[in-house]
Each structure stands twice: as C-alpha cells, then as structure tokens.
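Student: got a structure for you, letters missing:
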C-alpha cells in the first residue's frame, strides 16, 4: 500500500500542473483582462494609460511567459499579488481562509455526523413514520435553493426573533474568538442543513443496500445482537459511499460556499473567488483553483485508502 | 459683457447647426439615416417604461443632459407614436428583414425586463431586435471605432444600452468628437466638434452652458443617441441619523456635506455609531478614480476645494483656504490652510500638493475630468513624455501653489473640488502606473474628517474621528461600514436589521423594500445620470 500511496502522491504534481495550465488557458481565452475590468464602461479612459498599466502588471507578455512566472513563483511559495489591488495573495489567504474553514468545516462536520446518523435511522426504520418524515425533509433539503433557506433563516431568526445577527463575521467590539460565534451559527446551520440532506439520502440508500447483503444475514444467523449487526457490520460497509461523498465535498473548505457567503455577508474565499473570476484577477483565481485541485487529488487518495481500511472487501495497489 | 458674449455664441450656433439633420442614409447602414433613428425614438414609450419597469423611480428623458439649469427648451421629446414611427421607416425604405442587435452590460433583472419591453415595442413598428448581455471587455466592445470615420464598423452591435454618470456636463458629449473612441457609434461632424471644443474651454459658465444646450439639441434633432430616462439617486437614512440641516447633494461625488456635524442616536453605551456600506472588499480604492463613490473615499479624504452640493460651483476652500483663478482661466493660485494635518499627525505641505499633482498625471486610471484639466497644465506633455523631470507649470512658494495652464478649461475648479493630495512620503518608490497596488491602500492615511481605525476586508471597516480635522472633530464616535460592491445586494437586509444609517441606492428593488421600513427614510436626489441607447451608425 505504501508504494501505491507514494506513486499516487508523485502523480499529483504533474496532474496539478496540467490542470492549472488548462484553467489558466481557459481564463486567458475569455474576453478582456484585469485592466479592462478595472475601468467602468460608464466613463472614458485614456487607452495609452491603460496600456502602461498592462505593461506594468506584465499583462502584455505572452501567455506561456505569464504562466511560467506564476508557476515558478508558486513553486517557491510565492503566490504573487492581486492584479487589481496589489495585495499579497498570502495575506488574503491568511485573512479569508480562516473564515471559510470555520464556516465550511463546521457545516461539513455537522452534516457528515447528522447525515450519517439520520440516514441510518431512516434505513433501519424503513417505511415507518420516522423514515417518511426524514425522507421528505431530505427531499426538501436537497431541492430547496440555499439562498432561499438562508433568507428565511435571516427573516425568522435575525429580523423577527432577534436571536442572531443578520450577517457578517466580525465587529470592532469583538475582543475574543468566541464573540463572533453567534455570527457563525446561522450560516453554518443553513449550510449544514443543505449538506445534511444529501448525506442522509446517500447514507439511507447505502445502508439499505448493506442490510440486504448476505454477510448481514450470516451475522444475524450467528445470533449477534441486532445493534451489532447493524452498526458493526451494516453501518461500517454503508459508510464507504458516504465517505466518498463527504470526501469530495472537502474542496469547499477552500472554495467556500459562494451563495451562503453572499447571503450572510461572510468574508470567505468563495466570494473572493467569484469576484476574482469576474475581474480576471488571474493570480487570485489560480491560487484558489490550485489549492482546490490539490485538495481534490489528495482527498481522492485519502478516500481510496480509507475505503480499503474500512471495507475489508476493497484492496488497493494490486 | 457676459450676456453679450453668450448671446453672440448662441447666434453663431444657430446659424451653423440648424438644418443639420439629413434625411438619407450616409452609408450602407440604415441606422445612419436619421429617419430610422427617429422612428426608434417614436417607437419607445418612455413613460410606460418608467412606470412599469422602474416602478416610477426614474424620469423620462428627452435630452442627454439632466433636467435643471442645463436643460434646453428646444428638445423634441419624441412622444410615443408608433404610427409616426412606421411612417418614418416606410419613408426611409426600412428593410423589415434586417435584424438589429442590441447589447447591454447590466446583469440585473430590471435590465432584462427593459430589453424585453424594448424588443416588443420595436417589433410593433416592424423592427426585429435581438439582445444580449456583453461579457468580457465591455469598454472595448462598446468603444471600438474604425480608424477611418467612413470605414466599416469594427463592432457587431447596432444598439447599445448604457449610461453616462457625469461629474461635469461636458462628459456627456466629449465622446462625440470625431475620432474619439466612443460608445455613441457616431462618426462625428465638424460643427459638433467645434461646439464640443468650445464647451470645454469656455471659462464663462453661461457660454459653456449655451454650448452644452446646443450640443444636446443637435443630438436630439439628429437622434444620434436615444435618451431613455434619468435615474435618481436615493439617499437612504435611518431615523437615528440627524444631519443637522447639512445639505443633500450628489453623493456619487464629493461635496461640502459637513459630515463632521452629523449625529446619530447614541447606543446603550452612549456611543454614537453610524452604520453604512461601501467598505472595501480587499483594498481601499485610490480616490482619484471613482472620486466620492466609496465609504473610505468619502469619509477619509479632504480636497483642495469643496463643491456645492450638486457640483454646480465651488462652495468654499477645503485644504486650500483661498483660491484665485485668473480671468483668462490660465493661472490658478491656491493658498493652503494653516495647521492642516494628515491622519498620522504630519503637516500637509505644498510639497505634498505639487508632488501629488505630478504623480496623479502618471496614474493609469485618473478620472477623465481630472485628466483633462491636469493634462493642460504647462509642461504636462513634456513631463508625460519623459522629457522633463517636473511639470513646469506647477510651482509652490510658502503657502501658495501656482498652476499655469496652456488653455482654459471649463472644469478647472470643479476638478479640484474632487481632487486632494496624497502624503508624499508614503509613496516613495511607488511607480505611478501601479499606484493602486501600493501597500498604502491597505490602511490609507487620509486628510478628511474620519480616519481608518481598522479594515477587515470583505467584512467591515471602522472609521473614527480625526481630532485635528480643520473643521473640528466630528461628533459621531465611530463609523462602521460593511464591505460591499456598488449596488450593495445586502443593503436592505442590513437596513431592516438596523445596520444601515446612511447609504445611497439606485436599485428599484431596494427602493421598494426600503419604502416599507418604518425605521428608514429616503430622499430622492437629481444627479446627472442618464440611461440611453447608443446607435452604431458606422457602415456595416
């Protein structure tokens, strides 16, 4: 297995380079550049000055040269500066990443735990009232748009009940880490509910699938208690597809949830990424994209390994 | 004397411009035929659009210039008349198989609705129009013109929906000059060129005003561009805010608003905190680009002069205590105020002013009106071409700064109501082309009534009173501004939660929502902001 892991880790580097070049190329091919996005179409600008800015920012260099400058900088740990504001990208990451990790991480943990538990309960109590209620709730959670849930939560809990803030993350009056927890509750819960619904549906069907397998019947015939059959044999196997789902949701730890961040005015990377794409601020887009790509590649490896560890039927690495 | 001069100019203009509309196509593009353009004017029901699409929060437009002192009484309003439109199209030999392509750059639902209405109204008179949103390099798509004014169009669109947000009225028309890379799609005319030049150099406001009216009349008579509506700006305030009689004005720019005299109801801790929006998302935008648009720029910067509320002249000196513009408009002398300081406590000097002027001239996105004034300073061209180390027309002596111009400019004083210096020592070694990329903009040191206390980019910025502000320390204890782009999508939500005391908006949906909030009030402001349809008349 160690050889397999080492081989996969080595493949990650060229894959990340290829994917990052494809992203760079796609962005470069779209019309306009960062300078053209800095200018409002509602007022005229001097084309010569704009060319001077392009030159100063290095945007007048060939695509491959610009990509190489960016890539070699990243290889040295230098992510560069935003084109629009000259802010070091490392500084932006240090400011935004904690906010994104806080929100997405909370939602990911809550949704994984509650989704798995509720999905399992739903499967174990198949066709009961509990199952029907959870199924309907899951359907609603999967199908209702995030922004709608978010707005309803704001209207109810922030504007009417005044229990929680309407949005934002920090305030000048906050003096310690815990002060802003009330700001986190609504966006994290809304995001969790949306994500829980998906995990729950997945966990239910995979648990039902596991419960119908021969080894469950064998376990029961051995006289094992029902809870042991369900949890140690059924749930363990049912967890494999759930881990895959949760694993592939991990990139939101970097990319954030754009809609939730916008609705709750949360200063995370998701909002920043969308703005950067609109502004064609390539160093920002490429840094976030590269981190996401790396996370996906690493997570897919971790999932493979975890699956093999949890499910004795799975073998990796030949 | 001024009256005689204005009358003489008006007489000359009448003789040169009357009868300027030619009832025939100038090239292979049917839109170069004035009758087709006029038909489009008559086909559009502006009143119905304002009522039904904009909820009544706009004013139907007849000219490009806003209502008020610059409005000519000789404009044809082109009242909605589909039959007349059909007759004009028939007379012009309109080919009904020709499809017009309309482009626009606003991605909101109201604009999408407007496009559908315009499509339907044009279809009613026999014009097929398709529309789509421009993405990418919007300015280039709109403004590219052929090198030869009689050459083939270099863009594919026929009609383009957009706006002019003007600081100076000349901004409405300068792009109509022959050869300007403009968004009006108009190849130009010598008569109009002369008028545009006059309107920019007239130091007599009455002469400039007469010029501007004539240009608007010319554009109107020839239907070069179709003005649709004037958009009002709504000043949004909570009932906690008391402006103490200080004036309302054009909040998209800087004016003598005396924010240091405003108060808000203290909170439970007895602290006066004003909540607003427009804080930076990841850096403070340098204030020579969008002038008074963002919270940071409005609160932290002082300017050389202070404008009257609607930018119709100078109210008083700001950092300059006195100013003197010579009768020929070619020499401007500022006398700086005593005891003025930067937010870090250092004095604001004439050296800061002269250095900032030269620095500004080399910045890439200096506002057009400022660029037009600064570029006419003596020695500017040599300086910009790298032939001189300094601008010969800028000098200082003791408390005075003297600026000499090669030609007068109608907006010289207006430019200095929107422009103030930067602290020179904070920009040592900064390439002016990369001014926005300087670390200074993470926490700028300003000169206005409030200073930056803390900036959590993307979240909020906090501003606190500047004790040494020359007009006195502001009464409000703290301003908390939520980070937002222009057209803040979270403004109504924050207003409902009591997190907005001051903001501005033009967004119809926001205005409708705010109307229903007991804690908020709105004041409509007439600003020069005209939405219009540009017509591409180049040969296609």
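Tutor: That came in fine, so what should we check first? Fair warning: this is a prediction, and the values are worked out from it, not measured in the lab.

Student: okay, and for chain A, where does confidence drop off?
Tutor: Scanning chain A for pLDDT under 70 picks out A:40-46, A:256, A:312, A:314-318.

Student: In space, not sequence, find me the middle residue of it.
Tutor: In chain A, the centroid-proximal residue (C-alpha atoms, centre = their mean) is residue A:252; its distance is 0.9 Å.

Student: So it is in contact with residue A:103, correct?
Tutor: No - taking C-beta atoms under 8 Å as the definition, residue A:252 is not a contact partner of residue A:103, at 9.2 Å. The C-beta positions use only the backbone N, C-alpha and C, and glycine is treated the same way.

Student: For stretch B:527-534, give me every contacting residue.
Tutor: Here stretch B:527-534 makes contact (C-beta atoms under 8 Å, 6 or more residues apart in numbering or on different chains) with B:40, B:58, B:61, B:64-66, B:102, B:118, B:142, B:159-167, B:169, B:172, B:183-185, B:225-233, B:250-252, B:310, B:506.

Student: report the longest helix in chain A, please.
Tutor: helix A:89-124 (DSSP state H).

Student: Kindly spell out which helices and strands sit in contact with it.
Tutor: Helix A:89-124 sits against helix A:129-143, helix A:181-211, helix A:236-249, helix A:252-255, helix A:258-263, helix A:269-279, helix A:282-310, with contacts defined as 3 or more C-beta pairs under 8 Å, 6 or more residues apart in numbering or on different chains; DSSP states H and E.

Student: For residue B:136, find the nearest of those helices.
Tutor: Nearest of the helices and strands packed on helix A:89-124 to residue B:136, taken as C-beta to C-beta: helix A:269-279 at 10.5 Å.

Student: What residues sit buried inside that closest one?
Tutor: A:269, A:270, A:271, A:272, A:273, A:274, A:275, A:276, A:277, A:279 (16 or more other C-beta atoms under 10 Å in any protein chain shown).

Student: same question, stretch A:246-261
Tutor: Buried residues in stretch A:246-261, counted by 16+ other C-beta under 10 Å: A:246-247, A:249-261.

Student: ok so, going back, make a markdown table from the buried residues of helix A:269-279 and add distance to residue A:156 to it.
Tutor: Formatted as a markdown table, the buried residues of helix A:269-279 follow (distance: C-beta to C-beta, whole Å):
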| residue | distance to residue A:156 |
| --- | --- |
| A:269 | 28 |
| A:270 | 24 |
| A:271 | 24 |
| A:272 | 29 |
| A:273 | 29 |
| A:274 | 27 |
| A:275 | 29 |
| A:276 | 33 |
| A:277 | 33 |
| A:279 | 35 |
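
Student: Distance-wise, check residue A:149 relative to residue B:482.
Tutor: To residue B:482, residue A:149 is 22 Å away according to C-beta to C-beta, to the nearest Å.

Student: The two: which is more packed in?
Tutor: The residue with more neighbours, out of residue A:149 and residue B:482, is residue B:482; 24 against 20, by other C-beta atoms under 10 Å in any protein chain shown.

Student: For that one, grab phi and psi.
Tutor: Taking degrees, to the nearest 10, you get phi -80, psi 140 for the backbone angles of residue B:482.

Student: Give the helix, strand or coil label for residue B:163.
Tutor: Taken by DSSP: H, G, I helix; E, B strand; the rest coil, the conformation at residue B:163 corresponds to strand.

Student: Okay, and the beta partners of it?
Tutor: Residue B:163 forms beta bridges with residue B:531, as assigned by DSSP bridges.

Student: what about it, how many residues close to it?
Tutor: By the measure other C-beta under 10 Å, the count of residues near residue B:163 is 19.

Student: residues touching it, list them.
Tutor: A:42, B:231, B:529, B:530, B:531, B:532.

Student: go again using 7 Å as the cut-off
Tutor: Listed by C-beta atoms under 7 Å, 6 or more residues apart in numbering or on different chains, the contact partners of residue B:163 are A:42, B:529, B:530, B:531, B:532.

Student: wait, isn't residue B:512 in contact with residue B:54?
Tutor: No - counting by C-beta atoms under 7 Å, residue B:512 does not reach residue B:54; the two are 10.5 Å apart.

Student: Please report the distance of residue B:173 from residue B:64.
Tutor: For residue B:173, the distance to residue B:64 equals 7 Å [C-beta to C-beta].

Student: same deal with residue A:19?
Tutor: For residue A:19, the distance to residue B:64 equals 49 Å [C-beta to C-beta].

Student: can you list the residues of the stretch 101-250 of chain A near chain B?
Tutor: Proximity of the stretch 101-250 of chain A to chain B, by C-beta under 7 Å from any C-beta of the partner chain, involves residues A:154, A:158, A:159, A:166, A:167, A:168, A:169, A:170, A:171, A:172.

Student: which phi and psi does the fourth one have?
Tutor: Looking back up the chat, that one is residue A:166. According to degrees, to the nearest 10, residue A:166 has phi -70, psi -20.

Student: Okay, it and residue B:496: tell me how far apart.
Tutor: The span separating residue A:166 from residue B:496 equals 8 Å under the rule C-beta to C-beta.

Student: The residue in the stretch 401-540 of chain B positioned nearest to chain A: what's it in contact with?
Tutor: Scanning the stretch 401-540 of chain B for the residue nearest chain A gives residue B:437, at 2.4 Å (criterion: C-beta to the nearest C-beta). Residues in contact with residue B:437 (C-beta under 7 Å, 6+ apart) are A:81, A:85, A:86.

Student: Spell out which residues are contacts of both of residue A:166 and residue B:496.
Tutor: Here residue A:166 and residue B:496 have residue A:159 as joint contacts, going by C-beta under 7 Å, 6+ apart.

Student: For chain B, give me the ranges with low pLDDT.
Tutor: B:1-23, B:181-184.

Student: Spatially central residue for it, please.
Tutor: residue B:166 (2.9 Å).

Student: Tell me which residues touch that one, please.
Tutor: Neighbour list for residue B:166: B:172, B:528 [criterion: C-beta under 7 Å, 6+ apart].

Student: From residue B:311, how far out is it?
Tutor: As for residue B:166, its distance to residue B:311 is 9 Å (criterion: C-beta to C-beta).

Student: try residue B:469
Tutor: Note on residue B:469: its distance to residue B:311, by C-beta to C-beta, is 22 Å.

Student: who's more crowded, those two?
Tutor: Of the pair residue B:469 and residue B:311, residue B:311 is the one with more neighbours under other C-beta under 10 Å, namely 25 against 19.

Student: secondary structure class for that one?
Tutor: Assignment for residue B:311 (three-state DSSP): coil.

Student: Quick one: residues contacting it.
Tutor: By C-beta under 7 Å, 6+ apart, the contact list for residue B:311 reads B:167, B:250, B:253, B:255, B:414.

Student: Would you mind measuring from it to residue B:326?
Tutor: Plainly put, residue B:311 is 22 Å away from residue B:326 if you go by C-beta to C-beta.

Student: so who does residue B:487 touch?
Tutor: residue B:507.

Student: Swap in 10 Å and give it another go.
Tutor: Neighbouring residues of residue B:487 by C-beta atoms under 10 Å, 6 or more residues apart in numbering or on different chains: B:106, B:108, B:505, B:506, B:507, B:510.

Student: Where does the stretch 201-318 of chain A get nearest to chain B, residue-wise?
Tutor: For the stretch 201-318 of chain A, C-beta to the nearest C-beta, closest residue to chain B: residue A:267, 3.3 Å.

Student: The closest residue in space to that residue that isn't next to it in sequence: which element?
Tutor: The shortest distance from residue A:267 to any residue other than its chain neighbours is 3.3 Å, reached at residue B:458 (C-beta to C-beta, 6 or more residues apart in numbering or on different chains). Residue B:458 belongs to no helix or strand when assigned by DSSP states H and E.

Student: Tell me how many other residues crowd residue B:458.
Tutor: Other residues within reach of residue B:458, judged by other C-beta under 10 Å, total 27.

Student: cool, and residue A:236?
Tutor: Neighbours of residue A:236 under the rule other C-beta under 10 Å: 14.
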